[in-house]
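**Student:** Everything below, folded, please.
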Amino acid sequence: MRVMRKIKVLVVDDHTIVREGVCALLGLSPEMEVVGEASNGAEALEMTRKLKPDVVLMDIAMPVMDGLEATRRLTREFPDSKVLALTQYDDREYVFKIIEAGARGFISKTVASSDLVAGIRSVSRGESFLSPVVAKFLVENFQREITGKRNLDPYEQLTDREREILKLLAEGYTTKEIAKMLIVSPKTVEGHKARLMAKLDLHNRIDLVKYAVRKGIIVL
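**Tutor:** Modelled structure (predicted):
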């Protein structure tokens with residue numbers, strides 16, 4: 001009968017009672033093995049070097065070296081050991097910083113034990129794991145970025161060549177004349193014209209000229 005390999009976990013937290021509680025909790029899972037405990041980031045790096053854990057449960061606010069710096073160094077020096085942030089801080093600032101530092105997941109200390117085990121299991125497989133509140137933050141942040149892009153001036157989305165052709169078209173030059181001036185084919189000019197008009201939501205030459213005047217690209 002094949003024996004299932006246990007997931008080796010290193011628990012990092014500066015509060016002894018928290019570490020003991022997490023270790024006791026993980027000890028109840030037949031698929032987990034706590035191989036060590038650390039009280040700060042520096043100890044976490046040293047113990048990761050010696051113990052080679054599959055998953056490092058990393059607190060953020062700790063003395064000597066905090067979890068952010070420890071995660072940056074750990075993911076760079078020991079890429080096979082995956083970091084799962086386990087912290088009481090679940091606001092946006094900490095979420096984005098720890099993920100940017102290289103953590104594969106973020107989970108609050110207030111979650112159920114089953115969620116913690118599920119998070120460790122997922123991260124050990126190379127997957128990501130986010131507690132619901134963190135997932136909500138990320139979705140909201142993504143939505144804000146999309147909205148911000150939608151609110152950008154459409155003109156800023158044009159390439160330099162599209163802006164050049166916009167100006168020439170507004171000045172009254174034909175496609176063939178522009179192609180000759182820019183040493184490109186008329187088909188290329190038409191392609192740029194179609195894209196720039198789509199970006200600016202313009203539908204004909206008159207709209208294009210009006211836009212160029214409003215924008216100050218040409219003066220009548």
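**Student:** From now on I want contacts and neighbour counts done on CA atoms only, so please keep to that.
**Tutor:** Fine.
**Student:** For the closest residue to residue 65 other than its chain neighbours, give its distance to residue 59.
**Tutor:** In space, and not counting its chain neighbours, residue 65 is closest to residue 41: 4.6 Å by Cα to Cα, 6 or more residues apart in numbering. Going from residue 41 to residue 59 by Cα to Cα, to the nearest Å gives 9 Å.
**Student:** Between these two, which contacts overlap?
**Tutor:** Residues touching both residue 41 and residue 59 by Cα atoms under 8 Å, 6 or more residues apart in numbering: 12, 66, 67.
**Student:** quick one: low-confidence ranges for the chain?
**Tutor:** 1-3, 89-93, 112, 132-151, 220 (pLDDT under 70).
**Student:** can you pull out the helices in it?
**Tutor:** 16-27, 41-51, 67-77, 92-101, 113-124, 132-150, 160-170, 175-182, 186-200, 205-215 (DSSP state H).
**Student:** And those helices: which comes nearest residue 4?
**Tutor:** helix 113-124 (13.2 Å; Cα to Cα).
**Student:** contacting residues around the closest one?
**Tutor:** Against helix 113-124 from outside (Cα under 8 Å, 6+ apart): 7, 25-26, 29, 54-55, 82-84, 104-105, 107, 128-131.
**Student:** which one of the residues you listed has the most neighbours?
**Tutor:** residue 83 (33 neighbours; other Cα atoms under 10 Å).
**Student:** Pull the contacting residues for that one.
**Tutor:** By Cα under 8 Å, 6+ apart, the residues touching residue 83 are 55, 56, 57, 58, 71, 75, 102, 103, 104, 105, 123.
**Student:** With distance to residue 113 as new columns, can these be given to me in JSON lines?
**Tutor:** What follows is the contacts of residue 83, written out as JSON lines (distance: Cα to Cα, whole Å):
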{"residue": "55", "distance to residue 113": "16"}
{"residue": "56", "distance to residue 113": "16"}
{"residue": "57", "distance to residue 113": "14"}
{"residue": "58", "distance to residue 113": "16"}
{"residue": "71", "distance to residue 113": "23"}
{"residue": "75", "distance to residue 113": "25"}
{"residue": "102", "distance to residue 113": "24"}
{"residue": "103", "distance to residue 113": "20"}
{"residue": "104", "distance to residue 113": "19"}
{"residue": "105", "distance to residue 113": "16"}
{"residue": "123", "distance to residue 113": "16"}
